[in-house]
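# here is the input, now give the coordinates:
(chains A and B)
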Amino acid sequence: MKNFKNTSLLLFLIVILLSACERVFEYTPYSANVKDKRKFSREKRLDALENIEKNTLGQGRFKIALISDSHTYYNRLTDAVNLIRQDDEVLFAIHGGDMTDGGMIAEYTIFYDIMEKLQKPYFTVIGNHDVLANGRVIYNDQYGPENYSFVFKNCKFIFFNDIIWELNYEEPDFAWLINEVSNAAGIDRVFVIAHIPPWSDQFSPLNTWAYKTIMDSANVSMSIHGHQHEHYFGKYFDDSISYLVIGTPGKDVFCKLTVEPDTLILETIKY
Amino acid sequence: MDRKLLVYLILPAILFFCALQASGQDTIIRYKKTLTPNYVNFQYAGNYGAYIVGAGYYLNPKHSIQLVAGFGYASKHKAAQRIYNLFLKGIIVPHTWDLKKNWFLLPQTGITISRQFAGAGNTFSRLPKTYPEGYYAPNAFRFHFNIGLKAKKFFSQETFVKAIELYAETTTNDLYAKYFFKSHEVGLRDIFSMAIGVNIIIFNKN
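Below you'll find the model as predicted:
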């Protein structure tokens, strides 16, 4: 009986040891080693978007999904992704930042794997949680530059890193943003996506003024944000610019935005 | 396994072992001082560094409770950033199987606390004053759970090295456990990884 117990324990231990063979050795959860297949993945999504644009040439109207602040609400994010995938009208998705909680490589990987199930292109903006630990290095390796833009169906989407505190009070690159919004001749609409709303904690009054002035000067169609976890939509500064704070899958919220030639339709999805 | 493992872990361990064996050929009675470790520990991988070195202590006469204090390092090659760790590892050895000829098999389990110094900054054990109170939880400490098996070979008690232990263990940490419970996507096999190591025992008794 004693031998049987010992042998069972030994077998149990061997099974446990073997179960670890999936990844074999791991050195630290703070590693910034992005696997080759995930590196600079934005490029392939931009290619996919180009194909979508070609395939829907005659179609002026299009719909996009907006998610933000998914952190480690993985199951709720998965639910949102499933709902978005099932909507054939949604052509691509935007994530408004804070796709991780602590900027860990495992969090970036889980997020990536869940978003792959979308089976549609998605584009991200970096959030304040995403730059914790080695997160900024991972983001740049996994997705590419933090500030970038693309044009889809004559609408310009500008993704802007406006994180301040976590980047040692480094000022957001407003010069780049001015250049992007003003370099939109012949473009029907301009959307700016930045994680932190300009009235939020991290912005100094001067930064708020700078951001608001840039939006006004280019008559941006919508300034899209995350960070606050509570959904908001309105003209925050009582000017012509609409500001959207998406909300979080943690509170079962995401949005869909339909872009028509002369109208924008915003749906807030509670699920 | 790469060549660096040989250079960083196995080779120093062998050299250390040989040097100690050679020095042990004279009959010198050594007395262990309180802070002198019972054994020197070398480990490869395990969530608090790629190359880990530690000092091990027996905390009870049966050696079933042990403590290892040490340092771990993950190079740029291994982690894309240089990452340093300080750790304290508590070990419980619940049983010993006698395999004959001075060989023993021992299961071991334990909990490790590590303080990780991540390369790019933004890792802190106390929230920096630049943030409002409670803005982030400190993110530099990690708790690890380990379970494994070691083979132990006893030598003559007159040599400097009294015994050697080779072990393999599987390990996870508090973050991965959180992901496991928060996501259907994360399975048990995703949150565990392996570590291997060697303990060189210099003092069998305290």
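# ok, the residue positioned nearest the centre of chain B to chain A distance?
The residue lying closest to the centre of chain B (CA atoms, centre = their mean) is B:Gln43, at 5.5 Å. Counting by CB to the nearest CB, to the nearest Å, the gap from B:Gln43 to chain A is 11 Å. Yep, even glycine has a C-beta here, placed from its N, CA and C like the rest.
# that residue: which element?
B:Gln43 belongs to strand B:39-44 when assigned by DSSP states H and E.
# so where is the chain shaky, pLDDT-wise?
With no chain named, the answer covers chain A. Across chain A, the ranges flagged by pLDDT under 70 are A:1-23.
# my question was about chain B
For chain B, residues meeting the criterion pLDDT under 70 lie at B:1-31, B:206.
# residues of stretch A:252-270 that come out buried?
A:253-257, A:259, A:269 (16 or more other CB atoms under 10 Å in any protein chain shown).
# so what touches it?
With contact meaning CB atoms under 8 Å, 6 or more residues apart in numbering or on different chains, stretch A:252-270 is reached by A:60-68, A:76, A:80, A:83-84, A:87, A:89-90, A:153, A:155, A:188-189, A:221-222, A:231, A:233, A:242, A:244, A:246-247, A:271.
# strands of the stretch 101-250 of chain A, start to end?
A:122-124, A:148-152, A:155-160, A:189-194, A:222-225, A:232-234, A:243-245 (DSSP state E, counting those that start in this stretch).
# circling back to that earlier point, the strand holding B:Gln43 packs against which elements?
Applying 3 or more CB pairs under 8 Å, 6 or more residues apart in numbering or on different chains; DSSP states H and E, we find strand B:39-44 packed against helix B:11-23, strand B:51-58, strand B:65-74, strand B:193-201.
# if we can go back for a sec, drop anything exposed from the contacts of stretch A:252-270.
By neighbour count, with 16+ other CB under 10 Å, these hold A:62-68, A:76, A:80, A:84, A:90, A:153, A:155, A:189, A:221-222, A:231, A:233, A:242, A:244, A:246-247 as buried.
# before we move on, back to that, so which of the buried residues of stretch A:252-270 belong to strands?
Among those, DSSP state E puts A:253-257, A:259, A:269 in strands.
# save those as a markdown table, and put in distance to B:Leu67 too.
Shown next, in a markdown table, are those (distance: CB to CB, whole Å):
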| residue | distance to B:Leu67 |
| --- | --- |
| A:Val253 | 48 |
| A:Phe254 | 48 |
| A:Cys255 | 53 |
| A:Lys256 | 56 |
| A:Leu257 | 57 |
| A:Val259 | 62 |
| A:Ile269 | 53 |
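# among these, which pair sits farthest apart?
Spatially, the most separated pair among these is A:Val253 and A:Val259, at 20.2 Å (CB to CB).
# which ones are touching B:Leu99?
By CB under 8 Å, 6+ apart, B:Leu99 lies in contact with B:105, B:151.
# now do the one 3 residues further on
Under the criterion of CB under 8 Å, 6+ apart, the contact partners of B:Asn102 comprise B:153-155.
# which of those residues lies closest to chain A?
B:Lys153 (18.0 Å; CB to the nearest CB).
# whichever strand or helix holds that closest one pairs with which strands?
Per DSSP H and E: B:Lys153 is located in strand B:141-154. Counting by DSSP bridges, the strands paired with strand B:141-154 are strand B:103-117 (antiparallel), strand B:163-173 (antiparallel).
# what residues of the helix or strand just after the shortest one count as buried?
Beyond strand B:163-173 in the direction of the C-terminus, DSSP H and E gives the next helix or strand as helix B:174-182. Neighbour-count burial for helix B:174-182, with 16+ other CB under 10 Å as criterion, is recorded at B:175-176, B:178-180, B:182.
# also stretch B:122-135?
By neighbour count with 16+ other CB under 10 Å, stretch B:122-135 contains the buried residues B:122-124.
# stretch B:183-202 close to chain A?
Yes: contact of stretch B:183-202 with chain A (CB under 8 Å from any CB of the partner chain) involves B:183-186, B:188-190, B:192-195.
# show me which of the residues you listed are buried.
B:183, B:185-186, B:190, B:192-195.
# same list, those residues, but as TSV with distance to B:Thr171 please.
Converted to TSV, these look like this (distance: CB to CB, whole Å):
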residue	distance to B:Thr171
B:Ser183	20
B:Glu185	21
B:Val186	16
B:Asp190	13
B:Phe192	7
B:Ser193	6
B:Met194	7
B:Ala195	6
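# reformat the contacts of B:Asn102 as a markdown table; add neighbour count.
Shown next, in a markdown table, are the contacts of B:Asn102 (neighbours: other CB atoms under 10 Å in any protein chain shown):
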| residue | neighbour count |
| --- | --- |
| B:Lys153 | 14 |
| B:Phe154 | 14 |
| B:Phe155 | 15 |
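# closest one to A:Lys39 out of the residues you listed, please.
A:Lys39 lies nearest to B:Lys153 out of the contacts of B:Asn102, by CB to CB, at 44.8 Å.
# wait, the closest one sits on B:Ala163?
Yes: in this structure B:Lys153 lies within contact range of B:Ala163 using CB atoms under 8 Å: 6.2 Å.
# apart from its neighbours in sequence, what residue is nearest the residue of the stretch 51-200 of chain A found nearest chain B?
Going by CB to the nearest CB, chain B is nearest to A:Tyr74 of the stretch 51-200 of chain A, at 3.4 Å. Counting by CB to CB, 6 or more residues apart in numbering or on different chains, B:Ser183 is the residue found nearest to A:Tyr74 once chain neighbours are left out, at 3.4 Å.
# hang on, the one you found packs against A:Asn75?
Yes: B:Ser183 is in contact with A:Asn75 according to CB under 8 Å; the separation is 6.1 Å.
# re earlier: residues in contact with the residue of the stretch 51-200 of chain A closest to chain B?
Residues near A:Tyr74 by CB under 8 Å, 6+ apart: A:110, A:114, B:179, B:182-186.
# so B:Asn116 versus A:Met104, what's the distance?
Not Asn; residue B:116 is Gln. From B:Gln116 across to A:Met104, the span is 11 Å (CB to CB, to the nearest Å).
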